[in-house]
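Trainee: Fold the following.
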Amino acid sequence: MTRRTATLVSSIVLLVISLGLVTAFPVPFVSFSPGPVKDTLGETKGKPVIEISGHPTFETSGRLDLTTVSVTSPERELTLPQAMRNWLDPHHDLFPRDIIYPPDQTADEVEEQNTAEMTGSQDSAIAAALQAAKVPYHPKVSTVGKDTPADGKLKPGDIVLAVDGVTVSQVPQVGDLVRKHKVGENVVFLIRRDGAEQTVQLKTAATPGEATRPMVGITIGIDSPVKVTVNLGQDIGGPSAGTAFALAIYDKLTPGALLEGKHVAGTGTIDALGQVGAIGGIQQKIAGAKEDGATVFLVPGPNCEAALHAGVKDIQLVKITTLSEAISALNAIASGTGDVPTCTR
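Mentor: Next up is the predicted model:
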């Protein structure tokens with residue numbers, strides 16, 4: 001073998017080894033891709049996704065899909081070729097791993113946070129839907145934090161009737177009234193426990209990490225004869241299904257089919273007052289909805305610009321900022337009359 005040939009062979013071997021090392025080592029990114037959809041008006045494992053008791057329910061028709069994003073699991077790492085394939089796919093996206101999975105959190109902590117966000121989303125969706133359907137409810141104490149001002153003074157299940165003499169009828173009012181105080185000031189709750197009313201005085205404390213933000217250490221849910229159960233298990237996490245849940249609950253609680261047989265998908269967080277919030281992965285969610293056959297997609301207002309760049313044809317992008325706007329838009333689509341706000345360039 002000549003010296004020139006030996007050099008060439010050595011270079012090729014080194015190149016092959018280098019390429020092998022490059023393709024084998026992980027890169028610090030995770031992929032976002034279209035995830036599964038779930039019909040909130042349908043069933044899962046033989047049970048309705050939305051189960052309601054304690055109030056008359058009405059027949060619905062059509063599909064109302066919540067949409068999801070499939071994200072690289074915490075235990076899996078992408079190689080360079082896998083990352084490149086995701087980068088080249090118009091319906092996939094790449095994000096730095098540390099943004100999705102913070103280094104100071106374990107995989108179990110991330111999953112626990114997603115589950116908590118899903119539970120909170122369901123509670124807010126129920127409150128918003130009951131309010132939209134004009135079904136009365138009372139705010140109640142859901143949890144009491146250990147070593148907080150409310151610990152030992154308020155209990156889960158306490159019905160909150162008033163704060164500082166102001167009657168409360170909606171979940172957000174409780175927090176709003178507490179936050180009118182400065183840290184260290186007294187706040188007075190009028191509650192009903194075991195059928196009897198009583199007054200409880202608490203001294204506000206600082207919210208951890210926010211020295212000037214007062215809190216008493218409780219979370220607020222709702223007390224109503226209407227019981228709503230969401231049967232989805234632990235497969236889906238995060239808060240972005242809130243709007244779909246609220247619409248499905250509202251549709252079942254009110255006469256007439258909101259969708260009139262149409263196939264609608266959507267996304268968006270929701271608070272107890274029915275305000276719709278932005279979410280992540282809008283382009284992947286639209287692609288997944290279209291693949292499943294949806295013809296209408298409900299887009300939170302702040303996500304409209306990104307939604308227009310999803311590269312998905314023949315699906316109507318409806319812009320919503322509140323639950324009432326979503327209901328009005330779906331009524332207009334079902335009847336073929338009225339204005340439907342859409343995402344426009």
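
Trainee: contacts and neighbour counts: CA atoms only from here.
Mentor: Fine.

Trainee: how about the helices in the stretch 101-250 of the chain?
Mentor: In the stretch 101-250 of the chain, the helices defined using DSSP state H, counting those that start in this stretch lie at 107-132, 171-178, 242-253.

Trainee: could those helices go into JSON lines alongside mean neighbour count, mean pLDDT and distance to Arg97?
Mentor: Formatted as JSON lines, these follow (neighbours: other Cα atoms under 10 Å; pLDDT from 0 to 100; distance: least, Cα to Cα, whole Å):
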{"stretch": "helix 107-132", "mean neighbour count": "21", "mean pLDDT": "79", "distance to Arg97": "12"}
{"stretch": "helix 171-178", "mean neighbour count": "19", "mean pLDDT": "92", "distance to Arg97": "34"}
{"stretch": "helix 242-253", "mean neighbour count": "27", "mean pLDDT": "96", "distance to Arg97": "26"}
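
Trainee: Can I get the ones you listed in JSON lines including distance to Ser324?
Mentor: Converted to JSON lines, the helices of the stretch 101-250 of the chain look like this (distance: least, Cα to Cα, whole Å):
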{"stretch": "helix 107-132", "distance to Ser324": "7"}
{"stretch": "helix 171-178", "distance to Ser324": "17"}
{"stretch": "helix 242-253", "distance to Ser324": "9"}
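
Trainee: Val264 is nearest to which of these?
Mentor: Val264 lies closest to helix 242-253 among those, at 9.7 Å (Cα to Cα).

Trainee: What helices and strands are in contact with the closest one?
Mentor: Packed against helix 242-253, as judged by 3 or more Cα pairs under 8 Å, 6 or more residues apart in numbering; DSSP states H and E, are the following elements: strand 50-53, strand 63-71, helix 107-132, strand 263-266, strand 269-270, helix 323-335.

Trainee: how about those, which one is nearest Ile282?
Mentor: strand 63-71 (8.6 Å).

Trainee: now the following helix or strand past the closest one, how far from the chain's geometric center?
Mentor: Once strand 63-71 ends, the next helix or strand along the chain (criterion: DSSP states H and E) is strand 78-79. Computed by Cα atoms, centre = their mean, to the nearest Å, the chain-centroid distance of strand 78-79 equals 28 Å.

Trainee: ok, now stretch 272-279?
Mentor: Counting by Cα atoms, centre = their mean, stretch 272-279 comes out at 9 Å from the chain centroid.

Trainee: Give me the phi and psi for the residue nearest the centre of the chain.
Mentor: Nearest to the geometric centre of the chain sits Pro239, at 1.7 Å (Cα atoms, centre = their mean). With angles defined as degrees, to the nearest 10, Pro239 sits at phi -100, psi 0.

Trainee: can I get the helices and strands packed on helix 242-253 in CSV with distance to Arg213?
Mentor: Output for these, formatted as CSV (distance: least, Cα to Cα, whole Å):
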stretch, distance to Arg213
strand 50-53, 36
strand 63-71, 33
helix 107-132, 21
strand 263-266, 34
strand 269-270, 23
helix 323-335, 29
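
Trainee: Select, out of the ones you listed, the one closest to Leu298.
Mentor: With Cα to Cα, the closest approach to Leu298 among those belongs to strand 263-266: 4.3 Å.

Trainee: Dump the closest one to PDB, restricted to CA.
Mentor: What follows is strand 263-266, C-alpha atoms only, in PDB (Å, rounded to 0.1, in the frame of the first residue of the first chain):
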ATOM      1  CA  HIS A 263     -66.400  17.900  13.500                       C
ATOM      2  CA  VAL A 264     -64.700  20.600  15.600                       C
ATOM      3  CA  ALA A 265     -61.400  20.600  17.400                       C
ATOM      4  CA  GLY A 266     -59.700  23.200  19.500                       C
END
